[in-house]
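1. Dropping the sequence and predicted coords here.
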Amino acid sequence: MSFFGIDLISLIEVIGYVGVIGIIFAETGLFLGFFLPGDSLLFVSGFLASQGFFSLSLLITGIFIAAVLGNIFGYEFGRRVGEKLFSREDSIIFKRAHALKAQAFYDRHGPKTIVLARFMPIVRTFAPIVAGVAHMRFQTFFIYNVIGAFFWTSGLVILGYTLGSVIDVDRYLLPIILLIVFLSFLPGIVGYLRSRGA
């Protein structure tokens with residue numbers, strides 16, 4: 001079963017626990033991890049657990065920890081680098097006013113942003129970084145980071161595990177993955193269309 005020319009099942013079987021956990025950490029914590037396929041990776045990993053390739057409990061535990069730590073890494077990166085980037089009133093690329101606006105946004109919508117961003121590709125990579133730049137309270141960030149990580153990782157893995165025991169793999173797995181990818185990008189598409197119409 002190939003997805004954009006990549007056989008996801010074979011790939012995940014090759015990289016195993018360490019690869020899956022590493023990719024989830026990178027996508028949720030590293031600045032350049034935004035292109036990684038988190039949603040489909042979680043779903044297919046859950047499917048493989050239903051086929052006996054992974055232990056479901058070990059898989060969920062590993063990727064949950066990776067998702068939590070990845071966001072903490074992103075937060076700390078934003079907090080530390082943000083101090084340097086926004087130390088002057090104006091710089092060539094960044095402006096202090098942007099950091100102040102980000103901080104005001106996270107003060108009002110921070111918890112919701114951290115949880116919902118988990119389900120939005122690209123956004124989930126940058127949300128913790130911006131939270132760090134905006135100096136969102138770490139205790140608040142941590143709580144909602146854990147909540148978001150739990151629902152994102154366990155939800156998609158268990159969905160893959162459950163469907164893996166009842167569907168015809170060759171026939172339905174690719175359409176389901178495509179649907180997951182589409183639904184992941186849908187909020188961003190809707191937001192873009194609304195901004196164009198405003």
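-> Done, it's in. Residues are numbered from 1 along each chain as shown.
2. Residue 157 contacts residue 48, doesn't it?
-> No - using CB atoms under 8 Å, residue 157 is not in contact with residue 48, being 9.9 Å away. In short, each C-beta sits where N, CA and C put it, glycine included.
3. Which one's more surrounded, the two?
-> Set side by side, residue 157 and residue 48 show more neighbours around residue 157, with 27 against 23, by other CB atoms under 10 Å.
4. Which secondary structure state does the more buried one sit in?
-> Here residue 157 is recorded as helix under DSSP: H, G, I helix; E, B strand; the rest coil.
5. Relative to residue 70, how far out is it?
-> Note on residue 157: its distance to residue 70, by CB to CB, to the nearest Å, is 16 Å.
6. what's the answer for residue 29, then?
-> Between residue 29 and residue 70 the distance is 3 Å, computed by CB to CB.
7. the helices in this protein, which residues?
-> Under the criterion DSSP state H, helices of the chain are mapped to 8-29, 38-50, 56-85, 96-117, 123-133, 138-164, 169-197.
8. the more surrounded of residue 29 and residue 70?
-> The residue with more neighbours, out of residue 29 and residue 70, is residue 70; 28 against 24, by other CB under 10 Å.
9. need the contact list for the more buried one.
-> By CB atoms under 8 Å, 6 or more residues apart in numbering, the contact list for residue 70 reads 24, 25, 26, 27, 28, 29, 30, 33, 128.
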